[in-house]
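Asker: Sequence below, structure please.
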Amino acid sequence: MLVWGCGSPDEPWNDPYPGKDATANVSYTSFNERPKHLDPARSYSENEFRFIAQIYEPPLQYHFLERPYTLVPLTATALPQIQARDEQGRLLDDDAPHDEVAFTDYIVRIRPGIRYQPHPAFARDEAGRARYHALTGRDMEGIRTLEGFPQTGSRELTAADYVYQIKRLADPRLNSPIAGLMSKHILGFAAFHDQLLCEDTGEDKRAAVHWRDLRDYPMEGLEAIDRYTFRVRIEGRYPQFRYWLAMPFFAPVPWEADRFYSQSGMAERNLTLDWYPVGTGPYMLTENDPNRRMVLERHPGFHEEIYPDRGSKEDRADGLLKDAGRRLPMIDRVVFSLEKENIPYWNKFLQGYYDTSGISSDSFDQAVRFTGFGEAGVTAEMEQRGIRLAVGIDTSIMYMGFNMLDPVVGGDGERARKLRQAISIAVDYEEYISIFVNGRGEPAQGPIPPGIFGHESGPSGVNPVVYEWDGNAPRRRPLEDAKRLMVEAGYPEGKDAATGKPIVLYFDTVGTGPDARARLNWVRKQYAKLGIQLVIRNTDYNRFQDKMRRGAAQVYQWGWNADYPDPENFLFLLFGPNAKTVSGGENASNYENAAFDRLFEQMKDMPDGPARLEVIRRMVEIVRRDAPWLFGYHPRTFTLYHDWVHNLKPNLMANNTLKYQRLDPGLRANYRVEWNRPVLWPIWGLAVLITGLFAGGWILYRRRQRSAAF
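Answerer: Below is the predicted model of the structure:
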């Protein structure tokens, strides 16, 4: 009776969620690492963006379906108006020579009527004064969460809020991770930062004041032109700035929230923007318990936004345009549960308690199969359960690099170049992808990944140094070609032709444990194909970075994730002035080629189009020939999702895609019942056994009683 009281046969007994939510329009997912920053001025991590991108709204966003990735307005009425100006501020033509452009203005107009989520920072008393902006220690007694402030309010988003946030990026108290970069581009940004820093460290010690109203501090390159229009002035040309306008860094923060959270006693109670964000987006954070779960709920005053009606033929075939024109968001609440271990997370997904799932190495074979053409799909078991697979290629690259300052593998001499080319052929990344990443990768033909302008597929996109086109796909050149290059380089069978000594190279890397050892052994065997002895120098990440800064590594392995979908964000990794040993930049190979550098300077400011594509082709041709990298592979993202989840398409640049998803909660409830029926026969068997033992014991007891009486 007690067991039967645990639940009804029509409800799963192991359901971790309240029964009343069985058919609610709620999405269930997980997170495995607590977010450190939810303040858009400070957050720069993927696990943080997945929360704040649903809450905050920069002026622009990426189109959900279109590829290559395309910027579209979010809170803006249109893409920014871009104006080039000379030193005197006179307007120039769009095609004005680079050296004539002193400034570039980005003018953004936002839509009227967009409102912030309800929050105590906006609450007003009967006289219209801010209710919670002058709290005393007594007012704060007993308050631990925002629920301690019962009154809330809201107001309309204005252009001044975007200006205020950009000033926050320059505030030295916040240490924004992009402050250094923006100081090189936004006019007056560096001077603004220095002014605030002087106040914080000067003799008057104004840092003792908790709140600094940034509205009172002008920045030369910022202006709120009117209530709905603001201007950002960039030094020279920086076309990539438009992509930053789609990142949470440039989402608006109202001065009222900054004032509210800066009061004494707030930080000690975790009442900060890092804990309770304030935005205009489709969702608001209503529960923040990073040791257990986090909850997003629909913003009740969210402005009108509709599902896109543009997409490819494949999108239409996959049903991704069925909701075209519907108002967003389509899910009422999103529950994120903390899951630190893969096995319980995977089991809950199979039980229907998570809507989507990544795939760990342990469960890969159970979930995914590959066709004879190398295409990924779900196994028969997953297909029977209505589980589907979404595949996307990351806007990133994993590569193996050569230090071009090294006397053996570096330099622009023909001997070293042919050595690098031979190694590029010998290291079989197709095999690496199959063995170590479960096929979740695409061999790279150059530095630019799919989805980024400048990436080409088919015969024109093949790296001719390493691959041949066999009529249908690229095929890695045979090992004999690599050995021939070794002979031409003066290293027949891996030995120096002049001295007869075997060539020894040193591979610097970071990695411990059995998996890392297996990968490193594999790398060693690839070099051994050419007779090269590879010495592994394994170290911790800090020492590895120090070696890279000093140019002390010879061969290394690294990767790069796109900050924004522009070829400049990948080609700058090979731009000479960005050499790590010279400027501390991201050119870890310290590669320098005068022709490549001239083309880069030309390409980076060009608009996308045939002329820019031709320049990119020439640049890629140069680095393919010089081979400063083994181009490695572009990782693939595999996501499993249940039948009741709709509109899931991997978008590796956008983080605000929850608003596009739609659920069928009724179907999910039915599946949960079917997949989680209790197995009762062991319980009934145990009950019968206990009853039999009790009955047998009672009979023996009664016999003994009667025997004693006789």
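Asker: Quick check on Asp362: phi, psi?
Answerer: Phi and psi for Asp362, reported as degrees, to the nearest 10, are phi -60, psi -30.
Asker: can you pull the contacts of it?
Answerer: 342-343, 346 (C-beta atoms under 8 Å, 6 or more residues apart in numbering). The C-beta positions use only the backbone N, C-alpha and C, and glycine is treated the same way.
Asker: Reformat those as a markdown table; add secondary structure and pLDDT.
Answerer: Listed next are the contacts of Asp362 as a markdown table, based on DSSP: H, G, I helix; E, B strand; the rest coil; pLDDT from 0 to 100:
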| residue | secondary structure | pLDDT |
| --- | --- | --- |
| Asn342 | helix | 87 |
| Ile343 | helix | 89 |
| Trp346 | helix | 95 |
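Asker: Pull out the buried members of the residues you listed.
Answerer: For these, a neighbour count by 16 or more other C-beta atoms under 10 Å gives the buried set as 342, 346.
Asker: and which of the contacts of Asp362 is nearest Val487?
Answerer: Asn342 (47.8 Å; C-beta to C-beta).
Asker: shouldn't the closest one be in contact with Ser360?
Answerer: Yes. Shown here, Asn342 and Ser360 form a contact pair, counting by C-beta atoms under 8 Å, at 4.3 Å.
Asker: What count of nearby residues applies to Ala134?
Answerer: Residues lying near Ala134 (other C-beta atoms under 10 Å) number 10.
Asker: Just want to check the distance between Phe572 and Asp563.
Answerer: Counting by C-beta to C-beta, to the nearest Å, the gap from Phe572 to Asp563 is 10 Å.
Asker: Can you pick out the residue with more neighbours from the two?
Answerer: Legend: neighbour count by other C-beta under 10 Å for Phe572 and Asp563, higher for Phe572 (19 against 16).
Asker: And for the more buried one, nearest residue in space, chain neighbours not counted?
Answerer: Asn578 (5.7 Å; C-beta to C-beta, 6 or more residues apart in numbering).
Asker: For that neighbour, give me the pLDDT.
Answerer: What the model reports as pLDDT for Asn578 is 92.
Asker: and it, what does it touch?
Answerer: Residues near Asn578 by C-beta under 8 Å, 6+ apart: 572, 585-587.
Asker: Return the distance of the helix or strand where Met398 lies from the chain's centre.
Answerer: Following DSSP states H and E, one finds Met398 within strand 396-402. Centroid displacement of strand 396-402 relative to its chain, using C-alpha atoms, centre = their mean, to the nearest Å, is 18 Å.
Asker: Beyond it, next helix or strand please.
Answerer: Counting by DSSP H and E, the next helix or strand C-terminal to strand 396-402 is helix 414-426.
Asker: ok, and what's touching that following helix?
Answerer: Helix 414-426 is contacted by residues 402, 408-410, 465-466, 476-477, 479, 481-483, 485-486, 488-491, 526-527, 529-530, 532, 625-628, 630-631 when judged by C-beta under 8 Å, 6+ apart.
Asker: for the next helix or strand after that helix, which positions count as buried?
Answerer: Next helix or strand after helix 414-426 toward the C-terminus (DSSP H and E): helix 429-436. Using 16+ other C-beta under 10 Å as the test for burial, helix 429-436 gives 429-430, 432-433.
Asker: quick one: helix 429-436 to strand 396-402, angle?
Answerer: 120 degrees (axes from the mean of the first three to the mean of the last three C-alpha atoms, to 10 degrees).
Asker: Give the partner strands of whatever helix or strand comes next after helix 429-436 in its sheet and their orientations.
Answerer: Downstream of helix 429-436, the first helix or strand assigned by DSSP H and E is strand 441-443. Paired neighbours of strand 441-443 in the sheet (DSSP bridges): strand 629-641 (antiparallel).
Asker: For the next helix or strand after the partner strand, which outside residues touch it?
Answerer: Using DSSP H and E, the helix or strand that follows strand 629-641 in sequence is strand 645-646. For strand 645-646, the surrounding residues in contact (C-beta under 8 Å, 6+ apart) are 319, 322-323, 355-356, 661-664.
Asker: now strand 645-646, how far from the chain's geometric center?
Answerer: That offset, for strand 645-646, works out to 21 Å (C-alpha atoms, centre = their mean).
Asker: do stretch 142-158 as well
Answerer: On C-alpha atoms, centre = their mean, the centre of stretch 142-158 falls 30 Å from the chain's centre.
Asker: buried residues in that stretch?
Answerer: 146, 149, 153-154, 157-158.
Asker: Make TSV from those residues and add secondary structure, distance to Arg327 and pLDDT to it.
Answerer: Formatted as TSV, the buried residues of stretch 142-158 follow (DSSP: H, G, I helix; E, B strand; the rest coil; distance: C-beta to C-beta, whole Å; pLDDT from 0 to 100):
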residue	secondary structure	distance to Arg327	pLDDT
Leu146	helix	28	92
Phe149	coil	30	95
Gly153	strand	24	97
Ser154	coil	19	97
Leu157	coil	19	98
Thr158	coil	24	98
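Asker: can you list these in CSV and add distance to Gln165?
Answerer: Shown next, in CSV, are these (distance: C-beta to C-beta, whole Å):
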residue, distance to Gln165
Leu146, 21
Phe149, 23
Gly153, 20
Ser154, 18
Leu157, 11
Thr158, 12
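Asker: returning to what we had before: now for Phe572 and Asp563: what residues contact both?
Answerer: Common neighbours of Phe572 and Asp563 (C-beta under 8 Å, 6+ apart) do not exist.
Asker: returning to that earlier point: and which of the contacts of Asp362 is nearest Arg440?
Answerer: Asn342 (15.5 Å).
Asker: ok, so of the buried residues of stretch 142-158, who is nearest His299?
Answerer: For these, the nearest to His299 is Ser154 (9.7 Å; C-beta to C-beta).
Asker: how about low-confidence regions in the stretch 501-650 of the chain?
Answerer: Residue ranges of the stretch 501-650 of the chain with pLDDT under 70: 512-513.
Asker: residue ranges for the strands of it, please.
Answerer: Secondary structure of the stretch 501-650 of the chain, counting by DSSP state E, counting those that start in this stretch: strands at 504-509, 533-538, 555-561, 629-641, 645-646.
Asker: Mind checking which of the contacts of Asn578 are buried?
Answerer: 572, 585, 587.
Asker: For the second one, which non-adjacent residue is closest in space?
Answerer: If the residues on either side of it in the chain are set aside, Gly585 comes closest to Asn578, at 3.2 Å by C-beta to C-beta, 6+ apart.
Asker: With Arg293 instead?
Answerer: With C-beta to C-beta, 6+ apart, the residue lying closest to Arg293 is Ser337, at 4.8 Å.
Asker: Endpoints of stretch 379-392, how far apart?
Answerer: 18 Å (C-alpha to C-alpha, to the nearest Å).
Asker: what sits up against that stretch?
Answerer: Under C-beta under 8 Å, 6+ apart, the answer for stretch 379-392 is 350, 366-369, 376-378, 636-643, 648-652, 671, 675.
Asker: Could you dump the contacts of Asn578 into a markdown table with distance to Asp226 added?
Answerer: A markdown table is the format used below for these (distance: C-beta to C-beta, whole Å):
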| residue | distance to Asp226 |
| --- | --- |
| Phe572 | 36 |
| Gly585 | 39 |
| Glu586 | 39 |
| Asn587 | 43 |
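Asker: Can you list the residue ranges for helices in the stretch 201-350 of the chain?
Answerer: 241-244, 255-261, 313-317, 342-350 (DSSP state H, counting those that start in this stretch).
Asker: So which of those helices is nearest Val295?
Answerer: Closest among the helices of the stretch 201-350 of the chain, using C-beta to C-beta: helix 342-350, at 17.2 Å.
Asker: Packing partners of the helix or strand just after the closest one?
Answerer: Along the chain past helix 342-350, the next helix or strand (assigned with DSSP H and E) turns out to be strand 356-357. Packed against strand 356-357 by the contact rule (3 or more C-beta pairs under 8 Å, 6 or more residues apart in numbering; DSSP states H and E) you find helix 342-350, strand 629-641.
Asker: Perfect, I'm done here.
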